[in-house]
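generate coordinates for the sequence data below:
(chains A and B)
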Amino acid sequence: MAKTQHVILFKRFERFWHWSQAALIITLLFSGFRIHGLYQLGIDFLTALRIHRVAAWSLVVLWVFAIFWHFTTGEWKQYVPTFDKIFLVARHYAWGMFRGESHPYHQTPARKHNPLQRLAYLWVKLMINPILWISGIYLLFFADWGTWPMWKQWGISLQTVAWAHTIGAYMMLMFFIVHVYLTTTGHTPLAHIKAMIRGYEDDAPHPSPAQGLPGAQPR
Amino acid sequence: MAFLLPLAPLPSTSHWRRAAACCAAAALFAAAHATPAPQSAVATVDLQPGYRVVPKIPNGTKTTADHSKFKELQGPFQSGAEVTAACLRCHTEAAAQIKGTIHWKWEQVEQDSKRIVGKSKVMNNFCVSVPSNEQFCTGCHVGYGDAKSAEFTAFSKRPDTDVDCLVCHDQSGKYKKAPYQSGNPPTSRIEMPPGSGKFIEPIDLAAIAQHVGAPSRANCGTCHFSGGGGDGVKHGDLDSSLIKPNKALDVHMDAQGLNFQCETCHVTGGHQVSGGHYKLDAKHLGGQYVRGSQHNIGSAASCQSCHGDTPHKGSLAQDLNMHTNTIACQTCHIPEFARGGVPTKMEWDYSKAGQRGPDGKPLVIKDEHGHPTYLGIKGQFKLGEDVVPDYTWFNGAVKWMNLGENVVPNEDGVIAINQYGGSPTDGKSRIWPVKTMKGTQPYDPEMHRLLAIHNAGFDDAAYWHTMDWQKSIAAGMKAAGLEWSGKYTFVKTTTTWPITHMVAPKDKALQCAQCHTEHGRLEKIDGVYIPGRSKDHQPWIETIGLGLAGLSLAGVIVHGGIRSMLWLRRRGKSDGQKH
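Got it, this is the predicted structure:
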């Protein structure tokens, strides 16, 4: 047996956060598009609405903890964007990966995300999530403040907010598809997923230890 | 602590008294568990009372006067007017009160539009028009005309004794007005129709006069259930099934339950009845509108009068309550109308009238339930039961076409006899359920007006008698004092009627998904975002969003496919190298 080296990339809370968030986002996507009327099968409108609401509030709670964790541990720095080596990484996904080249980015616990990842997650955090949450909170509380006159003055209606929420949802769906695919791009198709469960990645059987793309990572 | 809850709703109990009551209840509760003996004491304190019990409405029998003991009412009475004269000896103001109402005048000035409305002024697409047909139509007037003379005496010129007290106040159920008698009850044997050998027997007015009381549903229903010429014909939400409805038909009028009478909602004082379809409170502004509160000067006969505009309870309360801003209560709580087993007319095509059967009499065709679907004298009907309403934005204002108004059909060839005001943006409208009555009726193609017709009677011009349109229209227009070109054609018309009775129990109310879906109940409603129907989607968002998601999926599949293929090829090569 080859000697395995355990580099803890994902701490216990981080893994808990990632997977519960993943489950909630999947739930929100399914129930949300059902409410939206994109499909009519499986669950009825009211059930979808109730699920969506519970999942949304659960995600709020999870985020309170996650944000606290990020700031107290300094992990937020993982998302500071960089363009260093970005073309190398892009070249890898577009070309090198097909030829079996190893990943050009060296991953360490302090720098878990390659430059493309950082940009993608920053996009999620600064664009997709704010769209979803600002519009989502309006929708959650629409029963209470939907009739306030200021919305009309500002040109905000249920329709415009719902459309914004839909834009956010489609962006999240896109992110989700690509994200899930990229989890399979480790040195074995399941390597990244295992890492996100166990916290560490097996060494690549080939040279350059601790290289690879931690695609299945938190945002 | 559970027993605190039932005590909480006690009205006007001070905190101290409430606290004392709680202690007493707690003591009794504890005592009941300590020893079996004081169980009788416990039974006097209902720890789990039901929701506040609404007493049944006392009906007729609980007044302080027994009219059968009044010597004025011993009779005998030769006419309805004689009974009224007796009534007015004590109820001195009653006739004057009645004569100021639309029930008597059949017209009133609608205060917002300043237009004159009322059945003697507006067109309709059932029996079309009143003028020239009064002898028959006044069978539903709260008064007595001259049964013998063909001339119609204007309501305003009639004496007080011509007010019909009994039609609303009879509690014996025996009073009736005879047809074609200008609103008079039969006091002698009447052959009807003349020469038919069929007779209407006289009724004992004295016995009826001795059994009077506050109007019941059956009294109001005498006319309001039969509007349009028969049971359930006109409104769809008012028919004889409401005389003794069960809970499923109407949760408030349920004869075994709350047993609301009409005046429970249509609160009446001095013979002024609240509520009416010429002008409605379609949307309350300013919250609850409880009876007795100072701002409720309109005494609105509306759901909010009792329920307020945030009436829902339970886990969905907020979600449901936010609907009350845009959706009338009736929209969800009256899922269908004509639910009591009595069909309502949905279409009436007068242009098909005129056919005679093999016996030379006007043709009659009935459906399997015995309801006519074709009458030679009236034309073709389409009936409906358990009808899903149409829905429309409605602010309570209705514009009715009066007799003689010029009008041309719209692009669909239809004339809307009444039009409902309202829009999603006026702040006064809500989405209401309505019945849309479709008619086909005589129209003057040259003077562009709907034609009044003379249909009821036994003269040569009465359409129901001789089936001659030319004569019928000439007589109708003459009686209405209107000109016409002498030519007629038929035109499609609509009238819209509010649906507000036959309120179903809450478990029969509409479910979310009946509107929040594709092609749901409110599919035709514009101006409101209804989650779940694609009509409200922004097409660009959907196209680009789904397109990009699809491209992403395709992209990763292609990327993954190439990756796997090349990986397999590399593995094949390296295997080959090993060998």
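
all helices for chain A, in order.
A:12-36, A:45-73, A:86-94, A:115-123, A:129-140, A:142-145, A:149-153, A:158-182, A:191-198 (DSSP state H).

how about the stretch 301-450 of chain B?
In the stretch 301-450 of chain B, the helices defined using DSSP state H, counting those that start in this stretch lie at B:304-307, B:317-321, B:329-333.

among those, which is nearest chain A?
Minimum separation from chain A across those (Cβ to the nearest Cβ) falls at helix B:317-321, 4.2 Å. Where C-beta positions appear, they are placed from N, C-alpha and C, glycine not excepted.

packing partners for that closest one?
Counting contacts by 3 or more Cβ pairs under 8 Å, 6 or more residues apart in numbering or on different chains; DSSP states H and E, helix B:317-321 is packed against helix A:142-145.

and the helix it packs on, anywhere near chain B?
Yes: if you take Cβ under 8 Å from any Cβ of the partner chain as the test, helix A:142-145 does meet chain B, through A:142-144.

using CSV, write down the CA coordinates of that helix.
Taking C-alpha atoms only, helix A:142-145 is exported to CSV below (Å, rounded to 0.1, in the frame of the first residue of the first chain):
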residue,chain,number,x,y,z
PHE,A,142,-44.5,40.3,1.3
ALA,A,143,-47.5,39.5,3.4
ASP,A,144,-46.4,42.0,5.9
TRP,A,145,-45.1,44.9,3.9
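
which positions in chain A make contact with chain B?
Where proximity means Cβ under 8 Å from any Cβ, the interface of chain A facing chain B comprises A:35-37, A:40, A:44-46, A:49, A:93, A:97-100, A:142-144, A:146-147, A:157-159, A:162-163, A:166-167, A:169-171, A:173-174, A:177-178, A:181, A:184-185.

okay, now the domains of chain B?
Domain ranges of chain B: B:4-44, B:349-536, B:538-579, per automatic domain parsing.

just say which of these is most tucked in.
Compared across the domains of chain B, domain B:349-536 shows the largest average neighbour count, a mean of 18 (mean count of other Cβ atoms under 10 Å in any protein chain shown).

now the helices of chain A in a markdown table, with mean pLDDT, distance to B:Met322 and mean neighbour count?
Formatted as a markdown table, the helices of chain A follow (pLDDT from 0 to 100; distance: least, Cβ to Cβ, whole Å; neighbours: other Cβ atoms under 10 Å in any protein chain shown):
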| stretch | mean pLDDT | distance to B:Met322 | mean neighbour count |
| --- | --- | --- | --- |
| helix A:12-36 | 95 | 15 | 18 |
| helix A:45-73 | 95 | 13 | 16 |
| helix A:86-94 | 86 | 47 | 16 |
| helix A:115-123 | 89 | 34 | 18 |
| helix A:129-140 | 95 | 11 | 18 |
| helix A:142-145 | 87 | 4 | 14 |
| helix A:149-153 | 88 | 13 | 10 |
| helix A:158-182 | 95 | 10 | 20 |
| helix A:191-198 | 87 | 40 | 19 |
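
looking at these, which is closest to B:Ala480?
Comparison of the helices of chain A against B:Ala480 by Cβ to Cβ identifies helix A:149-153 as nearest, at 47.3 Å.

ok, for B:Trp567, nearest residue in space, not its chain neighbours?
Excluding the flanking residues, the one nearest B:Trp567 by Cβ to Cβ, 6 or more residues apart in numbering or on different chains is A:Gly100, at 6.8 Å.

residue contacts, the residue of chain A found nearest chain B?
As assessed by Cβ to the nearest Cβ, chain B sits closest to A:Tyr170 within chain A, at 2.9 Å. With contact set as Cβ atoms under 8 Å, 6 or more residues apart in numbering or on different chains, A:Tyr170 has these partners: B:541, B:544-546, B:548-549.

skipping adjacent residues, who's closest to B:Gln355 in space?
B:Leu363 (4.3 Å).

what separation do you get for the one you found and chain A?
47 Å (Cβ to the nearest Cβ, to the nearest Å).

what does B:Tyr463 give?
51 Å.

then B:Ile417?
Distance from B:Ile417 to chain A, by Cβ to the nearest Cβ: 34 Å.

check contacts around the residue nearest to B:Trp567.
By Cβ under 8 Å, 6+ apart, the neighbours of A:Gly100 are B:566-567, B:570.

can you put the residues you listed in JSON lines and add pLDDT and secondary structure?
Below are the contacts of A:Gly100 laid out as JSON lines (pLDDT from 0 to 100; DSSP: H, G, I helix; E, B strand; the rest coil):
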{"residue": "B:Leu566", "pLDDT": "89", "secondary structure": "helix"}
{"residue": "B:Trp567", "pLDDT": "87", "secondary structure": "helix"}
{"residue": "B:Arg570", "pLDDT": "85", "secondary structure": "helix"}
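
ok, what's across the strand from B:Leu383?
On the basis of DSSP bridges, B:Leu383 is bridged to B:Lys345.

apologies, that question was intended for B:Val109.
Going by DSSP bridges, B:Val109 forms beta bridges with B:Ile116.

from B:Asn321, how far off is the residue of chain A most remote from its centre?
Centroid-distance maximum for chain A: A:Pro149 at 35.8 Å, with Cα atoms, centre = their mean. To B:Asn321, A:Pro149 is 19 Å away according to Cβ to Cβ, to the nearest Å.

what do you get for B:Glu368?
44 Å.

ok, back up a step: show me which of the contacts of A:Tyr170 is closest to chain A.
B:Gly545 (2.9 Å).

burial count for B:Asp66?
Look at B:Asp66: counted by other Cβ atoms under 10 Å in any protein chain shown, it has 10 neighbours.

pLDDT wise, what is it at?
Confidence at B:Asp66, expressed as pLDDT, is 90.

before we move on, what about the one 10 residues further on?
The predicted local distance difference test score for B:Pro76 is 93.

ramachandran coordinates for it?
phi -80, psi 150 (degrees, to the nearest 10).

please name the nearest non-neighbouring residue to it.
B:Ala206 (5.6 Å).

pull the contacting residues for that neighbour.
Here B:Ala206 is in contact with B:73-77 (Cβ under 8 Å, 6+ apart).

hang on, isn't B:Pro311 packed against B:His323?
No: taking contacts as Cβ atoms under 8 Å, B:Pro311 lies outside contact range of B:His323: 10.8 Å.

compare the two (neighbour count), which wins?
B:His323 (18 against 15).

not counting its neighbours along the chain, what's nearest that one?
Using Cβ to Cβ, 6+ apart, the closest residue to B:His323 is B:Cys332 (7.4 Å).

burial check on residue 113, number of neighbours?
As the question left the chain open, I've gone with chain A. A:His113 is flanked by 24 other residues according to other Cβ under 10 Å.

switch to chain B, that's the one I care about
So B:Ser113, with other Cβ under 10 Å, has 15 neighbours.

how near is it to B:Gln74?
Applying Cβ to Cβ to B:Ser113 and B:Gln74 gives a distance of 49 Å.

cool, and A:His113?
The gap separating A:His113 from B:Gln74 is 102 Å, by Cβ to Cβ.

could you do B:Thr425 as well?
In terms of Cβ to Cβ, B:Thr425 sits 63 Å off from B:Gln74.

and if you look at A:Leu190?
102 Å.

repeat for A:Ile8
Taking Cβ to Cβ, one finds A:Ile8 at 106 Å from B:Gln74.

equivalent analysis for A:Phe87, please.
Taking Cβ to Cβ, one finds A:Phe87 at 112 Å from B:Gln74.
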